[in-house]
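Asker: Just the structure for this:
(one chain, ligands or ions: 1)
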Amino acid sequence: MLKAVIFDLDNTLLDFSGFKRESALAAARAMIRAGVKESEKELYARIFKIYDERGIEYQRTFGDVLYGISLDQHTLEHARQAAIVAYQKRKYDLLKPRTAALQTLISLKSKYKLAIVSDAPRDKAWQRLVLTNLDQFFYPVVTFNDTGEHKPSQKPFEKALKLLKIKADEALYVGDNPERDIVGAKKAGMTTCLAKYGCIGYMPELNVADYSIDRIDDLKGITEIIDGG
Ligand SMILES: [Mg+2]
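Answerer: Residues are numbered from 1 along each chain as shown. Predicted coordinates:
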């Protein structure tokens, strides 16, 4: 019997990649306004190069981009803070739940416990939940800081099960990343559902999930199938 639906956060419940692209663009434009003589395209590429090298949650991206360009101290500081503010502003505008996420969670919450297992740092995960008004739905919220291990380690999944006081086969895990979310949840013994709509460069051969959905509101049907046996 299904007792809990556990979610990945970024790209599953919210459009994290879209937000990262738009906010990087806003930061690049702010750097140019502050006097950096590079093209928007070049600065945007440099921002994503650092994300690729350091991870998408890296916190010193704009400084690293600007240290890589020959700038006087005044312009560097101006551009760095302008980029940070532009990024934050776009974050507040853009970070929204996926379409139909709210209705889906309200509906699921009437039958199941809802939880999060995310690779994001604890404070970032919570900020995103609060910003998207999704902060009331979940217990527990397991983040990278809770185990010090990223998915597909089974540790964060096991931590969530322990706090939920349920067994692995009573949980459905929903995530957009086949190799981290689905493989990790499977290792922990959970039933899995791939959020295909959040998958970047979806490859069917990598999809080992028990179920797949093209929209978040398809999840209700999946839980009914699981519960119906
Ligand atoms: Mg994700």
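Asker: tell me what the strand or helix carrying His74 is packed against?
Answerer: Assigned by DSSP states H and E, His74 belongs to helix 73-94. Helix 73-94 sits against helix 16-33, helix 61-67, with contacts defined as 3 or more C-beta pairs under 8 Å, 6 or more residues apart in numbering; DSSP states H and E. Any C-beta I mention is one placed from the backbone N, CA and C, and that applies to glycine too.
Asker: one more time with 10 Å
Answerer: Applying 3 or more C-beta pairs under 10 Å, 6 or more residues apart in numbering; DSSP states H and E, one finds that helix 73-94 makes contact with helix 16-33, helix 40-54, helix 61-67, helix 122-131.
Asker: I'd like to know how many residues surround the closest residue to Ala24 other than its chain neighbours.
Answerer: Distance criterion C-beta to C-beta, 6 or more residues apart in numbering; nearest residue to Ala24, sequence neighbours excluded, is Ile47 at 4.5 Å. Using other C-beta atoms under 10 Å, Ile47 has 24 other residues around it.
Asker: returning to that earlier point: in the helix holding His74, what counts as buried?
Answerer: 75-76, 78-80, 82-83, 86-87, 90-91, 94 (16 or more other C-beta atoms under 10 Å).
Asker: Write out the residues of the chain neighbouring the ion.
Answerer: Taking C-beta under 5 Å from the ion, the part of the chain that reaches the ion is made up of 8, 10-11, 176.
Asker: Need the buried ones from those selected in PyMOL.
Answerer: Burial among the residues of the chain next to the ion is assessed by 16+ other C-beta under 10 Å; the matching PyMOL selection reads:
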select buried, resi 8+10+11+176
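Asker: from the residues of the chain next to the ion, which ones fall inside strands?
Answerer: Of the residues of the chain next to the ion, none are assigned to strands by DSSP state E.
Asker: Break the chain down into its structural domains.
Answerer: 4-15+96-228, 17-94 (automatic domain parsing).
Asker: Tell me the gap between the last one and the middle of its chain.
Answerer: Taking C-alpha atoms, centre = their mean, to the nearest Å, the mean C-alpha location of domain 17-94 is offset from the chain mean by 20 Å.
Asker: want to try a markdown table for the helices and strands packed on helix 73-94, with distance to Ala101 as columns?
Answerer: Below are the helices and strands packed on helix 73-94 laid out as a markdown table (distance: least, C-beta to C-beta, whole Å):
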| stretch | distance to Ala101 |
| --- | --- |
| helix 16-33 | 13 |
| helix 40-54 | 24 |
| helix 61-67 | 27 |
| helix 122-131 | 12 |
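Asker: Nice, that's everything, thank you.
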